[in-house]
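J.: quick one, what's the 3D model for this:
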Amino acid sequence: MCGIVGVVANYPISQLLYNSLNGVQHRGQQAAGMATMDGNLMHLKKGLGLIRQSISSYDLSYLKGSAGIGHVRFPTAGSADDPEQAHPFYVNSPFGIMLAHNGNLTNTIKLRNEVLNTNHRHVRTTSDSEVLTNAFAAELQRLTAESDLSNAKIFSAIECLNQRLSGGYAVVSLIANHGLIGFRDPFGIRPLVLGKKTASDGFNSYMLASESCTLTSNGFELIRDVLPGEAIIISLTGELSSQICHANPSLNLCIFEYVYLARPDSIMEQVPIQSARRQMGKYLAKTIQKSHPNLAVDVVIAVPDLARTVAIATADELGKPYHEGFVKNHLMNNDDYTQNTAQSQAATLSSLSPINLEFKDKNVLLVDISVVRGNNSREIISMVRAAGAKKVYFASAAPKIQYSSVYGVDMPVYTQLIAHNRNDQQIAEKIGADLIIYQTLADLKQALRDINPELHNFEASCFDGYYITQDIDENYLQSLANGVNH
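T.: Sure, this is the predicted structure:
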């Protein structure tokens, strides 16, 4: 789970790039980095922590140029505390190339061996993104050995690269004195959107980003989603070229983007995230009505903050009152970065305080966005019982998370998931709830298709165990559980 941004304009863009990264900061708080290009000169600054901890005002003055890329990171591969594994990555052969990547490659070991032994390139870290950078450079080197670089050769290099890569990936890259390149995996697992802003002099500035929220907040118009298998090249003079670089692309966006990852003011594949979560709440209520028609609920309360929209829609559909039941101190731990999702969630829990009068002597329906390990759910339910609730029913806007995620979501391996090999009653007992109700996967998909009927397929492996790249077997999953980095 990471956020990426790429920009081309006709003015210095370091502040714009910084602001744009703030718009995707929710996608990664462990590390951040920015790279800019001023003709043949390339500048780079990256480090651990939030953007404001990694990039200073002095750094912004140093990061000169009218084209740049940026990255915020939650590690799903490689070390969490090694600043060398922050993005962007840089190679100087055959051209100066900067690259940042959102996603996860599932064939990194094989690709690393090819890069080292066949392409004769050097890597310094265990990051799949550094391997990807060198594989891209190797394809460019092969195609430009006897002639100059051109857009056609970049597209050909990405087409060859797509044949070598497996997994989910969205990439932004700078090539010295040429421009900004963006491309998306052939299954469209990880998101990437394109935006444009036209200046008074007619120059078209472009932005590529993981989410549309950072486009609109910085004055760019959302043009469209980058297509699965598509590559986009934006020259330093603002000219855009695009090409599909795979023979059989198909859209299978990670459904967890709609559930958890994306910001409510983003739009993905023509589906506003806010609308998606409202629909999820309506379908969750229908599940409750069907499976527990006589459930006595006095009040519906959201686990802050992501579940609020879902919970309000659930309450409306059930005809039950929705109340705010927690106070969240948003100033706590504001200067600390967390190295993984578990630490981030623990910090969130420590900032929550229940409003006792909303719980005392009531049958409470708690609505959360998902249940992963179950540790947070257990702690929150314990708070609610201490506040005097008679009954605590727990509803998840997401289906049961039972399988490992391998395409770039920061999630525990399957052996650490509370829903793995447990039924609903066992899960409810583990978290201390009187009852647990899950959204069904069929309803989750239908909630999104209600908004965009063209969404036929999704990557939903953490829910259904189907891995679309067809290269994930039990040995691979077991090696993840044993801590092997692929």
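J.: near Phe394, how many other residues are there?
T.: Look at Phe394: counted by other Cβ atoms under 10 Å, it has 27 neighbours. All C-beta atoms are positioned from the backbone trio N, CA, C, and that covers glycine.
J.: wait, a strand at it?
T.: Yes: remark: Phe394 belongs to a strand, assigned using DSSP: H, G, I helix; E, B strand; the rest coil.
J.: contacting residues for the closest residue in space to it that isn't next to it in sequence?
T.: Spatially, and ignoring its direct neighbours in sequence, Phe394 is nearest to Ala433 (4.1 Å; Cβ to Cβ, 6 or more residues apart in numbering). By Cβ atoms under 8 Å, 6 or more residues apart in numbering, the contact list for Ala433 reads Leu366, Ser377, Ile381, Val392, Tyr393, Phe394.
J.: widest-spaced pair of these?
T.: Ser377 and Tyr393 (12.1 Å; Cβ to Cβ).
J.: per-residue pLDDT, the residue lying closest to Leu165 once chain neighbours are set aside?
T.: Excluding the flanking residues, the one nearest Leu165 by Cβ to Cβ, 6+ apart is Leu105, at 6.0 Å. With respect to pLDDT, Leu105 has a value of 95.
J.: buried set for stretch 322-335?
T.: Buried residues in stretch 322-335, counted by 16 or more other Cβ atoms under 10 Å: Tyr322, His323, Gly325, Phe326, Asn333.
J.: return the member of these nearest to Ala31.
T.: Nearest to Ala31 among these, with distances taken as Cβ to Cβ, is Asn333, at 17.3 Å.
J.: what about the strands in the stretch 201-350 of the chain?
T.: 204-209, 221-225, 230-235, 240-244, 267-268, 271-272, 299-302, 326-328 (DSSP state E, counting those that start in this stretch).
J.: what's the answer for the stretch 351-486 of the chain, then?
T.: 352-354, 363-368, 391-396, 435-438.
J.: and those strands as a markdown table, adding distance to Asn19 and mean pLDDT?
T.: Shown next, in a markdown table, are the strands of the stretch 351-486 of the chain (distance: least, Cβ to Cβ, whole Å; pLDDT from 0 to 100):
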| stretch | distance to Asn19 | mean pLDDT |
| --- | --- | --- |
| strand 352-354 | 30 | 92 |
| strand 363-368 | 31 | 98 |
| strand 391-396 | 34 | 98 |
| strand 435-438 | 38 | 98 |
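J.: with distance to Phe203 added, can I get these in TSV?
T.: Rendered in TSV, the data for the strands of the stretch 351-486 of the chain read as follows (distance: least, Cβ to Cβ, whole Å):
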stretch	distance to Phe203
strand 352-354	48
strand 363-368	46
strand 391-396	48
strand 435-438	50
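J.: which one of these lies nearest to Arg190?
T.: Among the strands of the stretch 351-486 of the chain, the nearest to Arg190 by Cβ to Cβ is strand 391-396 (23.7 Å).
J.: and the pLDDT for Thr348?
T.: 56.
J.: tell me who's in contact with Ile4.
T.: So, once contact is read as Cβ under 8 Å, 6+ apart, Ile4 ends up touching 24, 69-71, 87, 100-102, 170-172, 192, 208-210.
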